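K.L.:
Need the 3D shape of this:
(chains A and B)
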Amino acid sequence: EAQVTQNPRYLITVTGKKLTVTCSQNMNHEYMSWYRQDPGLGLRQIYYSMNVEVTDKGDVPEGYKVSRKEKRNFPLILESPSPNQTSLYFCASSPIAGGTDTQYFGPGTRLTVL
Amino acid sequence: AQKVTQAQTEISVVEKEDVTLDCVYETRDTTYYLFWYKQPPSGELVFLIRRNSFDEQNEISGRYSWNFQKSTSSFNFTITASQVVDSAVYFCALMKPGGYNKLIFGAGTRLAVHP
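P.N.:
From the prediction side, this is the model:
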């Protein structure tokens, strides 16, 4: 089944404890990105990747890192999480970078930073 | 700058009522794409429709219909004969070609359909 998977789905952590949220797609998509969803703000892009080893900042990159060592994986890293990073996170992918294809979203990861 | 406004924060209707969710967008581009996504209580994002700026034809899919009007920069979504299963948060989004696939989302409209 074609899908985008994220792990974990739920995470409660404490300020400053490094964490990684994994994202994987099995559709051989070039493009992957991360969004965060906050009440009243909709979804905002954190980082995106046009292909392996090609990543760039979105609208709200502060406090986050990403890497794209393999085409299928695009982990989101929070080196020192803070309470303002409590949010619902979505990974998305689409077939071609720079195109206008519909993006497919993962199931979401609900992160709480205490 | 690009922007999407969904002025209705929450809408509450009774089953079988028709309901329209408003979406107004801002962009200086002549070519762009508009999307609607549904987020049910389970939290995932479900793609509903994609429309390019050159296609102003309205679209109907079952009980769902979309009205795209470039003159008013609006892309409204109507659910006919609403059902409890339509209860969700609905997001309107904008994308421009060459914009690195970035979606600009509105704040979302929470629709509650009561029996």
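K.L.:
just for the chain, where's the confidence low?
P.N.:
If you meant another chain, say so; for now it's chain A. Chain A contains residues with pLDDT under 70 at A:97-100.
K.L.:
I was thinking of chain B, sorry if that wasn't clear
P.N.:
B:99.
K.L.:
mind listing the strands for it?
P.N.:
Secondary structure of chain B (DSSP state E): strands located at B:3-5, B:10-14, B:19-21, B:24-26, B:33-39, B:46-52, B:59-61, B:64-69, B:74-79, B:88-95, B:104-105, B:109-114.
K.L.:
Quick one: name the residues of chain A near chain B.
P.N.:
A:31, A:33, A:35, A:40-45, A:48, A:50, A:56, A:58-59, A:88, A:90, A:92, A:94, A:97-108, A:110 (CB under 8 Å from any CB of the partner chain). For the C-beta atoms, the positions are set from N, CA and C on the backbone; glycine is no exception.
K.L.:
Which among those residues count as buried?
P.N.:
Listed as buried from the residues of chain A next to chain B are A:31, A:33, A:35, A:42-45, A:48, A:50, A:58, A:88, A:90, A:92, A:94, A:97, A:100-108; burial here means 16 or more other CB atoms under 10 Å in any protein chain shown.
K.L.:
so of these, which ones are in strands?
P.N.:
A:31, A:33, A:35, A:42-45, A:48, A:50, A:88, A:90, A:92, A:94, A:104-105.
K.L.:
what's the most distant pair in the residues you listed?
P.N.:
Farthest apart among these by CB to CB are A:Met50 and A:Leu88. That separation is 24.5 Å.
K.L.:
could you check the distance from B:Tyr64 over to B:Phe91?
P.N.:
For B:Tyr64, the distance to B:Phe91 (CB to CB, to the nearest Å) stands at 14 Å.
K.L.:
Grab the nearest non-local neighbour of the residue of chain B found nearest chain A.
P.N.:
Proximity to chain A, evaluated over chain B using CB to the nearest CB, is greatest for B:Phe105 at 3.6 Å. Taking CB to CB, 6 or more residues apart in numbering or on different chains, and ignoring the residues beside it in sequence, B:Phe105 has A:Gly42 as its nearest neighbour in space, at 3.6 Å.
K.L.:
Dump stretch B:2-11 to CSV, restricted to CA.
P.N.:
The C-alpha coordinates for stretch B:2-11 follow below in CSV (Å, rounded to 0.1, in the frame of the first residue of the first chain):
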residue,chain,number,x,y,z
GLN,B,2,0.5,34.6,-0.6
LYS,B,3,-2.2,34.1,2.0
VAL,B,4,-5.3,31.9,2.5
THR,B,5,-8.1,33.1,4.8
GLN,B,6,-10.8,30.8,6.2
ALA,B,7,-12.9,33.3,8.1
GLN,B,8,-15.2,30.7,9.6
THR,B,9,-13.5,29.2,12.6
GLU,B,10,-16.3,26.9,13.5
ILE,B,11,-19.6,25.9,11.9
